[in-house]
Structure formats: C-alpha cells, structure tokens
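>>> when you get a sec, could you give me coordinates for this:
(chains A and B)
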Amino acid sequence: MVLRITAQALEQVRHLAQAAHPIEACGLIAAASGEPLAHRVVPMRNQAASPTWFSFDPREQLQVWRELDQREEDCRVIYHSHTASEAWPSREDIALASDPQVHYLIVSTWGEVRHAARSFRIIDGRVFEEPLCVQP
Amino acid sequence: MSVSVIVPTLLRPLTDGQKQVQAQGGTVRHIIEHLDSRYPGIKARLVKDDQVHRFVNIYVNDDDIRFADGLATPIRPGDQLTVLPAVAGG
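Model prediction:
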C-alpha cells in the first residue's frame, strides 16, 4: 500500500491546513477513475469548525460527489488536519473511517510535530501506515 | 413504485457491483427493506437502531433525510435516493 500523490496536491493540502489553523481543515483528493494518482484537491467546509473535530457538510458532499461522477473521478484520499497533535489517526478517526479503499491523509499544523503529513489505510478498526509517493 | 438508488463504492460488493439499482417503497424505510430482500446485508450497513447509521448519509434527491423525516421520509415517483459515506473524525 502506498499513496501516490502529486507534489502540487500535497502542497495545497498543507497550505489549506495552515490557513485553517487552529480549526481543522478537511477535504478530499480526487483521482481519475480507476487510477491511483491523487491530484485534484477539493477542500470541504468543516461543518464542525472545531480545533479537534471535523465533519463534511452532507449537502456540499452530495454536490461534490455528483461532480466527481461527471468528471469520471474517484475520491481517492480523504484528508484532514490535526492542529495540536501528531499526524496519526485519533480514536474518532479510526471509529469513523468507513472505507478500506480510501487513503486517509493527515497533516499536522502542530508546532512540535515530527512528521507533518502521513497516510493511512484504516480497515476494521486497524491502522496501517503507508508511504507517500510524491510525484511531479 | 420503483425509484433508483445510487450506491456508493463501499456498498457495491453487496449489489453485484452495480452503482445504480431499482427499489420499491413509499418511504425510505420501505425502500431499504426492499433493497435488503434483493441484496441481503445492505440494511445493516444503512440502518442501526432504527436510525440512519452514522457511517452513511442518505439523500432523497438533494436533501439529507436526517433533516427531513429520517427513515419515514416519503418517496414519490421519480425521486432518486443517494447513499454516501458520512465523513467525520477528530
């Protein structure tokens, strides 16, 4: 397992996380249908507007998913930020991760963070970290 | 009355890989029960304790049924049901 992501998309997510700090940023990164490379960042409103919690707005999500369909894209990555902890899935992240095929990218804007961007698969409550393969 | 239901990737293993299926019923609850009779196991992924499961959003056309009448939300001819994974975390 590896997350293939463009350098531009990764940079954009980091930038969005910094801009939202201390509120958690969230969104998705789309890939062409059936292709691994995540390249189009779609920022989502954090309905919770919280430093410790995020949730997509269901209505916005429906519009975005319809757009993915029209563009023949898949939601390859769900990203969010941690603002005062390491980029590691929280208990809630694990409990609420419903799709074993999605890459869960966490970026941290915490000042003391060691690794600012990490990717995971979360399958039946188990966390598997995977390397990031950043492509031009 | 038959309406179309858009199934998320996550649940397509239960619908023989189909993205869009047909189901019958006058409320969301009846639609889900009808779906479960054709695709066993799908109800357990959508409903828990007679509420929409927190892992999913169910929409009738553009509206999230949590903000309507939940599983009792009525279905009319030509409506479309969409199921999406709910996305949240800490």
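
>>> ok, longest strand in chain A?
The longest strand of chain A (DSSP state E) is strand A:73-82.

>>> residue ranges with poor pLDDT in chain B?
Filtered on pLDDT under 70, chain B yields no residues whatsoever.

>>> can you do 90?
Chain B contains residues with pLDDT under 90 at B:1-2, B:9-10, B:54-55.

>>> go on, chain A?
Scanning chain A for pLDDT under 90 picks out the ranges A:98.

>>> before we move on, the earlier item: near chain B at all, the longest strand of chain A?
Yes: contact of strand A:73-82 with chain B (CB under 8 Å from any CB of the partner chain) involves A:Asp74, A:Ile78, A:His80. Glycine gets a C-beta too; all of them are placed from N, C-alpha and C.

>>> how much space is there between the nearest residue to A:Met1 once chain neighbours are set aside and chain B?
In space, and not counting its chain neighbours, A:Met1 is closest to A:Glu130: 4.2 Å by CB to CB, 6 or more residues apart in numbering or on different chains. A:Glu130 sits 18 Å away from chain B, going by CB to the nearest CB, to the nearest Å.

>>> coming back round to it: any idea how far the next helix or strand after the longest strand of chain A is from the chain center?
Using DSSP states H and E, the helix or strand that follows strand A:73-82 in sequence is helix A:91-96. The chain centroid and the centroid of helix A:91-96 are separated by 14 Å, computed with CA atoms, centre = their mean, to the nearest Å.

>>> touching helix A:91-96 from outside, list them.
Residues outside helix A:91-96 that contact it (CB atoms under 8 Å, 6 or more residues apart in numbering or on different chains): A:53, A:80, A:104, A:106, A:122, A:125, A:127, B:54-55, B:86-90.

>>> which one (most neighbours) among those residues?
Among these, the one with the most neighbours (other CB atoms under 10 Å in any protein chain shown) is A:His80, at 30 neighbours.

>>> that residue pairs with what?
On the basis of DSSP bridges, A:His80 is bridged to A:Cys26, A:Ile106.

>>> list the contacts of it.
So A:His80 contacts A:Glu24, A:Ala25, A:Cys26, A:Gly27, A:Asn46, A:Phe54, A:Asp93, A:Leu105, A:Ile106, A:Val107, B:Gly89 (CB under 8 Å, 6+ apart).

>>> mind running it again at 6 Å?
Applying CB atoms under 6 Å, 6 or more residues apart in numbering or on different chains to A:His80 gives the contacts A:Glu24, A:Cys26, A:Phe54.

>>> appreciated, that's everything.
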